[in-house]
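Student: starting from these lines, generate the structure:
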Amino acid sequence: MPSSNRSTVPIAGVPPDANGANHFAIRAHLALITTSPSFETSKRSRDLLTHLVEKTLSGQVEDLKERSLGEDVFGRPAYEPSEENLVRVAVSDLRKRLSQYYNQHLDASVKIDLPRGHYVPVFQLQRHPSVEPLAAPALRGGTWPWKRWILPAALLVAATLAVWAWVSRPSPEEAFWRPVLATGKPAVIWFSGSAGVISPPVQAEILRHEHDSEPYTLQLRPDDLFQVDQYVAYGHVQGIATLSAWLAAHGQSPQVSLGLWSAPSGLGGRPLILFGARNNPWTVELTKDLRFRVEAAKAGGVITDRNDANRRWSIPDYRKSGFDVHVDYGLVTRVIDPASGQVRLSIGGIAHYSSQAAAEFLTTPKYWSNMSQVAPRGWEHMNMQVVLEVKVTEKVPQSPKPVAWHFW
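Tutor: Next up is the predicted model:
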């Protein structure tokens, strides 16, 4: 999702900046909303919301009239508002779906609102408030009896600095991301190829031959590639969009790249975020000598502990059950090169549910408030791995739970 280079207009709560980071955050958040359960059953609401957002970001708000929406979005030539109510009904339904979404996502980094009586959306970008130090009182002539006031003044300054330091300190999840943000360079989110980007019929064909001793020929049509089924696509898009929206809200414009099996190149010191575990060879390379790693298994997948051979987290072969699993396990790894300072981060798991949940874990304050309490002093600058357990209900990942971690 590239950031916009087109002319911009003032947006309530989100003034556009030089590199379009705010517009990127809005577009990343739009991807989250339109792939959420609140919108998955209504193509009309997805199309309408996308049209309203894109027109606003491109500065074409004059096109957001009821007659224009009837013609452009719903394909009704010569739409007459006095005779039809299609647009008004669709907008009313859109407002209900937005309300439902935000009631379930109170910590959303971006909020899209559609005020009643208007078709131009309003955006709000949630940022941490800053606290200004207290100003010194002005003198009203004469001089102060400084010896009397020096101790109270010193205590006031000390208290002010203490409050300012407490309030302005980074939250625990921001502390995790500090090595990434401190580079001042946009991160690269690298998603490599896998069976997840091959159509389901071809996946089934591969499974039928996975234990063959002889080579076989696989016939592929153009439509068989990059045509993911809705569950795989939803989990990966949701996770990547969550990361992109959080980074954009913190001043970055991350680059999302689908690399298939090619190596990420031309980083120029930019942080590298590897998305996916077994299906990303660069994640495999990064974690092969670390304590925790995701491995393939005949019965599905497994996360192993190099320090304890009896400690394993596994699930059945979810591919043969139509991705119908009740629990998934994910792995988050952060490695900081001591020489160059480059940050490499991998986010993935056995199935795609844990990848989506891991992205939520890394960008949600409540999870890191608990995690920071068990982490060693100075963990913000350490290498680390966290194993996550994710319950799955009707193919929807629930809140991730850390079950193992390692800092070094």
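Student: residue contacts, Ala90?
Tutor: For Ala90, the contact set (CB atoms under 8 Å, 6 or more residues apart in numbering) comprises Arg44, Ser45, Leu48, Val73, Phe74. Where you see a C-beta, it was placed from the backbone N, CA and C, and this is true even at glycine.
Student: per-domain residue ranges of the chain.
Tutor: Following the assignment in automatic domain parsing, the chain carries domains at 21-125, 174-407.
Student: mean confidence score for the first one?
Tutor: Just to be clear, that refers to domain 21-125. The predicted model assigns domain 21-125 a mean pLDDT of 85.
Student: likewise for stretch 335-345?
Tutor: Confidence over stretch 335-345 (mean pLDDT, whole number) is 83.
Student: ends of that stretch, how far apart?
Tutor: The first residue of stretch 335-345 is 6 Å away from its last residue (CA to CA, to the nearest Å).
Student: also stretch 359-379?
Tutor: Using CA to CA, the gap from the first to the last residue of stretch 359-379 comes to 19 Å.
Student: tell me which residues of that stretch are tucked away?
Tutor: Across stretch 359-379, burial judged by 16 or more other CB atoms under 10 Å covers Ala359, Glu360, Phe361, Leu362, Thr363, Thr364, Tyr367, Trp368, Met371, Ala375, Trp379.
Student: for the second one, pull up the helix or strand it's in.
Tutor: For Glu360, the enclosing helix or strand under DSSP states H and E is helix 352-363.
Student: count of neighbours near Lys96?
Tutor: Lys96 has 11 neighbours, counted by other CB atoms under 10 Å.
Student: continuing past the helix or strand encompassing it, what's the next helix or strand?
Tutor: Counting by DSSP H and E, the element that carries Lys96 is helix 86-104. As assigned by DSSP H and E, the chain's next helix or strand after helix 86-104 is strand 110-113.
Student: ok, Thr364 to Asp289 distance?
Tutor: From Thr364 over to Asp289 the distance is 30 Å, taken as CB to CB, to the nearest Å.
Student: before we move on, what about Pro402?
Tutor: Pro402 sits 22 Å away from Asp289 when distances are taken as CB to CB.
Student: can you give me the neighbour number for Thr56?
Tutor: Look at Thr56: counted by other CB under 10 Å, it has 23 neighbours.
Student: cool, and Arg116?
Tutor: Arg116 is surrounded by 7 other residues when neighbours are defined as other CB under 10 Å.
Student: shaky segments in the stretch 151-300 of the chain?
Tutor: 151-170, 192-236, 258-266, 297-300 (pLDDT under 70).
Student: repeat the analysis, applying 80 as the threshold.
Tutor: By pLDDT under 80, the low-scoring segments of the stretch 151-300 of the chain are 151-173, 191-238, 256-269, 278-281, 296-300.
Student: which pLDDT value goes with Pro316?
Tutor: Pro316 carries a pLDDT value of 76.
Student: wait, Ala309
Tutor: On pLDDT, Ala309 comes in at 88.
Student: for Met382, same thing?
Tutor: The predicted local distance difference test score for Met382 is 89.
Student: number of nearby residues for it?
Tutor: The number of residues packed around Met382, counting by other CB under 10 Å, is 16.
Student: and what of Pro402?
Tutor: In terms of burial, Pro402 registers 16 neighbours under the definition other CB under 10 Å.
Student: contacting residues for it?
Tutor: Under the criterion of CB under 8 Å, 6+ apart, the contact list for Pro402 reads Phe361, Tyr367, Asn370, Met371, Val386, Val387, Leu388, Glu389.
Student: keep only those of these that are in helices.
Tutor: Helix and strand membership here follows DSSP state H; of the contacts of Pro402, those in helices are Phe361, Tyr367, Asn370, Met371.
Student: any chance you could list what contacts stretch 37-45?
Tutor: Stretch 37-45 has contacts (CB under 8 Å, 6+ apart) with 33, 46, 49, 74, 90, 93-94, 97-98, 100-101, 104, 230, 234, 396.
Student: can you select the buried ones from those in PyMOL?
Tutor: Here is the PyMOL selection string for the buried members of the contacts of stretch 37-45, based on 16+ other CB under 10 Å:
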select buried, resi 33+46+49+74+90+94+97+98+101+234
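Student: quick one: contacts for the closest residue to Ser314 other than its chain neighbours?
Tutor: Closest residue to Ser314 apart from its sequence neighbours, by CB to CB, 6 or more residues apart in numbering: Val302 at 3.9 Å. In this structure, Val302 makes contact with Val294, Glu295, Arg312, Trp313, Ser314, Ile350, judged by CB under 8 Å, 6+ apart.
Student: what is the helix holding Glu360 packed up against?
Tutor: The elements that helix 352-363 packs onto, with contact taken as 3 or more CB pairs under 8 Å, 6 or more residues apart in numbering; DSSP states H and E, are helix 172-181, helix 230-249, strand 327-336, strand 343-349, strand 384-393, strand 396-407.
Student: please name whichever of these is nearest to Lys65.
Tutor: Taking CB to CB as the measure, these were each checked against Lys65, and helix 230-249 came out nearest at 29.4 Å.
Student: hang on, the earlier thing: of all the contacts of stretch 37-45, which two lie farthest apart?
Tutor: Across the contacts of stretch 37-45, the two members that end up farthest from each other (CB to CB) are Phe74 and Val396, 30.2 Å apart.
Student: measure stretch 174-187 end to end?
Tutor: Its start and end residues considered, stretch 174-187 measures 15 Å (CA to CA).
Student: kindly report the same for stretch 388-405.
Tutor: 9 Å.
Student: contacts for the host helix or strand of Gln373, please.
Tutor: Gln373 belongs to helix 365-374 when elements are defined using DSSP H and E. Helix 365-374 is contacted by residues 107, 171-173, 175-176, 360-361, 379, 386, 399-400, 402, 405 when judged by CB under 8 Å, 6+ apart.
Student: any chance of the helices and strands packed on helix 352-363 in a markdown table, plus distance to Arg116?
Tutor: Compiled in a markdown table, these are given as follows (distance: least, CB to CB, whole Å):
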| stretch | distance to Arg116 |
| --- | --- |
| helix 172-181 | 35 |
| helix 230-249 | 26 |
| strand 327-336 | 41 |
| strand 343-349 | 39 |
| strand 384-393 | 34 |
| strand 396-407 | 31 |
